[in-house]
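Colleague: my questions are about this predicted structure, shown below with the sequence.
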Amino acid sequence: MTYCQNGWSYEPARKLAIGVTISLGVLKELYDWKVRHTYVSYKDIVADILGVTVAYVLLLTH
């Protein structure tokens, strides 16, 4: 199902995708810290944010 089928316009759908993606990356790091008792990798969080930023910029040219 695409954003158009849900009656969303492009920009709100893109913002939701960015929010969900960053949230999942942060939640995974919190899971590692609380459940697996390993350290939080700030490098992973930064890499997630950079990846989302690159995808966003590429989608701007859409």
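Modeller: In hand now; what should we look at?

Colleague: quick check: closest non-adjacent residue to the spatially most central residue of the chain.
Modeller: The centre of the chain sits closest to residue 21, judged by Cα atoms, centre = their mean, with a distance of 1.8 Å. Computed as Cβ to Cβ, 6 or more residues apart in numbering, the closest residue to residue 21 that is not its neighbour in sequence is residue 52, at 5.3 Å. In this view, the C-beta of every residue, glycine as well, is placed from N, C-alpha and C.

Colleague: tell me the secondary structure at the one you found.
Modeller: helix (DSSP: H, G, I helix; E, B strand; the rest coil).

Colleague: show me what contacts it?
Modeller: 18, 21-22 (Cβ atoms under 8 Å, 6 or more residues apart in numbering).

Colleague: relative to residue 36, how far out is it?
Modeller: Remark: distance between residue 52 and residue 36 (Cβ to Cβ, to the nearest Å) = 24 Å.

Colleague: could you dump the contacts of residue 52 to a markdown table with distance to residue 4 and pLDDT?
Modeller: What follows is the contacts of residue 52, written out as a markdown table (distance: Cβ to Cβ, whole Å; pLDDT from 0 to 100):
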| residue | distance to residue 4 | pLDDT |
| --- | --- | --- |
| 18 | 18 | 86 |
| 21 | 20 | 88 |
| 22 | 23 | 88 |
